[in-house]
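Trainee: Build me a structure from this.
(one chain, ligands or ions: 2)
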Amino acid sequence: KEQLDLLLRESDRFPPPHGMRLSYGTAGFREDASVLLSTMYRVGILAALRALKTEAVIGLMITASHNKVSDNGVKIADPSGGMLTQEWEPFANALANAPSSRDLVRLINEFTEKENILLDGSKSAQILVARDTRPSGEVLLDAAKNGIGSIIGAVAQDMGILTTPQLHWMVHVRNKGLESSELNYFDGLSNSFKWLLDSNPNNNELNDWDKRLVVDGANGVGGQKLELLKEKLNGLAIEIRNSGKGEGVLNERVGADFVQKEKIVPCNFGSQDVGIRCVSFDGDADRLVYFTVPSGSSNKINLVDGDKILSLFAIFIKEQLTILAARSKDTKIAFEPRLGVVQTAYANGASTQYLKDLGLEVVLTPTGVKYLHEKAAEYDIGIYFEANGHGTVLFSDYCISLLQPSYLELSNVFAGSEPHKAALRLLAISKLINQAVGDALSGLLLVEAILRHKNWSIHKWSELYQDLPSRQLKVKVVDRTAVETSNAETKVVKPPGLQEAIDLEIAKYPQGRCFIRPSGTEDVIRVYAEASTQEAADDLANSVAKLVD
Ligand code: NG1
Ligand code: ZN
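Mentor: Ligands and ions are numbered 1, 2, ... in the order given. Here you go, the predicted model:
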């Protein structure tokens with residue numbers, strides 16, 4: 001009774017917007033910030049219920065990532081630090097769209113009964129909440145805290161301004177009973193980075209590798225956090241631009257999304273950066289792409305995207321596994337870790353071919369980290385990346401246990417031997433790279449450590465394979481749900497006849513590949529096309545966009 005009164009009273013303060021259908025998409029709820037108050041409140045409730053149900057710490061992150069500064073959004077981190085289980089998404093949608101407080105309370109009642117969640121205050125629940133640097137974040141965070149406070153026993157712990165992956169990491173380690181402060185996060189990154197650099201046999205003969213690195217912080221939280229982390233790093237000369245402290249606007253002509261989609265220099269980059277290794281984060285620092293500025297007067301860049309980051313990680317990890325597998329006959333390890341690579345249909349076709357030619361197992365999943373992550377977790381070591389720069393490397397607990405020095409020793413893999421070093425490098429990678437979600441800060445450090453190991457310039461790295469020319473477009477539509485797809489989004493199944501029409505277009509272009517899908521974060525249909533020349537890729541994308549219109 002007390003609980004129901006509290007819910008009714010509080011939720012009356014956060015009426016939902018009229019005539020809107022909210023949907024928990026690929027990255028939670030995302031809309032113009034002005035309509036999100038009730039959604040935040042309700043997602044606060046959702047997080048509290050999830051914490052009660054799982055009896056674990058849950059995360060609630062307020063961000064709209066690479067979207068424009070006037071947008072905002074909210075997503076939940078499950079106990080593992082990964083995305084909210086898909087099983088709860090329908091309930092999330094129902095909650096966000098409940099027309100009145102009475103409907104809301106009825107929904108909560110039904111759902112908690114079905115899920116056996118006790119609302120009598122007999123259990124406590126903890127939710128870590130954080131936000132990115134968007135100005136709307138503060139008020140929205142308060143609404144979310146109100147939602148959490150509307151469930152008796154649930155307590156919000158405000159972590160302040162964080163990158164999305166920092167919050168996911170905190171949830172992940174907190175549920176393992178480990179220390180989870182921001183300082184712990186920075187220490188973990190800097191220590192494992194140092195360890196990887198020190199384990200480099202070629203440490204003294206650097207030539208191609210350049211210490212200088214220029215970072216585009218998208219005027220968001222990533223640049224600010226890197227300023228702090230930088231103090232703990234040796235061996236890198238990092239310059240941060242678009243840190244959010246100056247005039248620039250979040251994600252406006254800056255950041256990973258802009259750089260990857262437009263393939264032109266972000267603001268405050270230009271001829272002074274020719275040939276230097278540059279990297280762009282997105283607005284909440286869960287994505288990164290590298291690039292270089294070529295000489296000449298054009299504003300084009302050479303993009304080194306998520307597919308190439310994935311390829312670099314895959315090469316290095318595979319090399320370590322090969323060294324480990326070449327251990328002497330009297331070792332007792334009978335373990336050959338299964339390495340898998342996960343991409344989406346947006347991966348450049350040349351990258352998929354390259355990875356397969358390396359002998360790697362490559363799988364495609366639909367867009368959205370939740371799908372990639374889930375697939376990658378099936379391997380002992382699973383590497384996933386979206387072309388846009390979101391990705392990470394997952395190590396199974398079993399794999400990590402076999403890389404421990406104590407286990408290696410027991411198995412006659414002795415300190416100082418090459419297999420021992422390779423195992424410890426893999427262990428350092430598992431500590432460096434975020435195990436919960438893609439993370440621009442840890443991704444950057446792993447790229448840097450590997451380039452240094454291999455003594456590669458960014459140019460050398462970029463030449464691993466030549467990207468096929470591609471074009472991405474978005475088409476504004478009234479109802480994006482009219483398009484349905486299958487086969488990891490590569491085939492349209494609804495409306496009928498559309499796929500056949502797309503196939504006819506594709507057939508006109510050598511090396512042509514094209515697919516469309518409804519965006520999970522914007523009211524658009526996305527079109528992706530690849531072909532042997534840029535002109536052909538543009539034409540193919542444009543003609544398929546016309547079919548959608
Ligand atoms: P949608 O809007 O569903 O395409 C975009 C990205 C995803 C992912 C999410 C979450 C593209 C083509 N899509 O999803 O990869 O990053 O945002 O931020 O880049
Ligand atoms: Zn992001």
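Trainee: Return the backbone torsion pair for the closest residue to residue 59 other than its chain neighbours.
Mentor: Counting by CB to CB, 6 or more residues apart in numbering, the nearest residue to residue 59 once its immediate chain neighbours are dropped is residue 77, at 3.1 Å. The way it works is simple: take the backbone N, C-alpha and C, and place the C-beta from them, glycine included. The phi/psi pair for residue 77 (degrees, to the nearest 10) reads phi -100, psi 130.
Trainee: Could you look up the SS state of residue 135?
Mentor: Using DSSP: H, G, I helix; E, B strand; the rest coil, the secondary structure recorded for residue 135 is coil.
Trainee: Report the contact partners of the nearest residue to it once chain neighbours are set aside.
Mentor: With sequence-adjacent residues excluded and distances taken as CB to CB, 6+ apart, residue 135 is closest to residue 69, at 7.5 Å. By CB atoms under 8 Å, 6 or more residues apart in numbering, the contact set of residue 69 is 134-135, 249-252.
Trainee: neighbours around the residue of the stretch 51-200 of the chain found nearest ligand 2, how many?
Mentor: Nearest to ligand 2, among the residues of the stretch 51-200 of the chain, is residue 65, at 3.1 Å (CB to the ion). By other CB atoms under 10 Å, the residues close to residue 65 number 28.
Trainee: Would you mind measuring from it to residue 437?
Mentor: Look at residue 65 and residue 437: by CB to CB, to the nearest Å, they are 12 Å apart.
Trainee: One more: residue 227?
Mentor: For residue 227, the distance to residue 437 equals 22 Å [CB to CB].
Trainee: Comparing these two, which residue is more hemmed in?
Mentor: Taking neighbours as other CB under 10 Å, residue 227 and residue 437 compare with residue 437 leading, 27 against 16.
Trainee: which one is that one nearest to, not counting chain neighbours?
Mentor: By the measure of CB to CB, 6+ apart, the closest residue to residue 437 outside its immediate chain neighbours is residue 168, 4.3 Å from it.
Trainee: hmm, which helix or strand of the protein has the shakiest average pLDDT?
Mentor: Across the helices and strands of the chain, mean confidence by mean pLDDT, DSSP states H and E is lowest for helix 405-410: a mean of 90.
Trainee: contacting residues around that helix?
Mentor: Helix 405-410 is contacted from outside by 332-333, 401, 414-415, 420, 423-424, using CB under 8 Å, 6+ apart.
Trainee: export the next helix or strand along the chain from it as PDB, just CAs?
Mentor: Note on helix 405-410: by DSSP states H and E, the next helix or strand toward the C-terminus is helix 418-432. Presented in PDB, the C-alpha positions along helix 418-432 are these (Å, rounded to 0.1, in the frame of the first residue of the first chain):
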ATOM      1  CA  GLU A 418      58.300 -17.200 -25.000                       C
ATOM      2  CA  PRO A 419      54.900 -19.000 -24.400                       C
ATOM      3  CA  HIS A 420      54.900 -17.700 -20.900                       C
ATOM      4  CA  LYS A 421      55.400 -14.100 -22.200                       C
ATOM      5  CA  ALA A 422      52.700 -14.600 -24.800                       C
ATOM      6  CA  ALA A 423      50.200 -15.800 -22.100                       C
ATOM      7  CA  LEU A 424      51.000 -12.800 -19.900                       C
ATOM      8  CA  ARG A 425      50.500 -10.500 -22.800                       C
ATOM      9  CA  LEU A 426      47.100 -12.000 -23.400                       C
ATOM     10  CA  LEU A 427      46.300 -11.600 -19.700                       C
ATOM     11  CA  ALA A 428      47.400  -7.900 -19.800                       C
ATOM     12  CA  ILE A 429      45.100  -7.400 -22.700                       C
ATOM     13  CA  SER A 430      42.200  -8.900 -20.800                       C
ATOM     14  CA  LYS A 431      42.800  -6.400 -18.000                       C
ATOM     15  CA  LEU A 432      43.300  -3.400 -20.300                       C
END
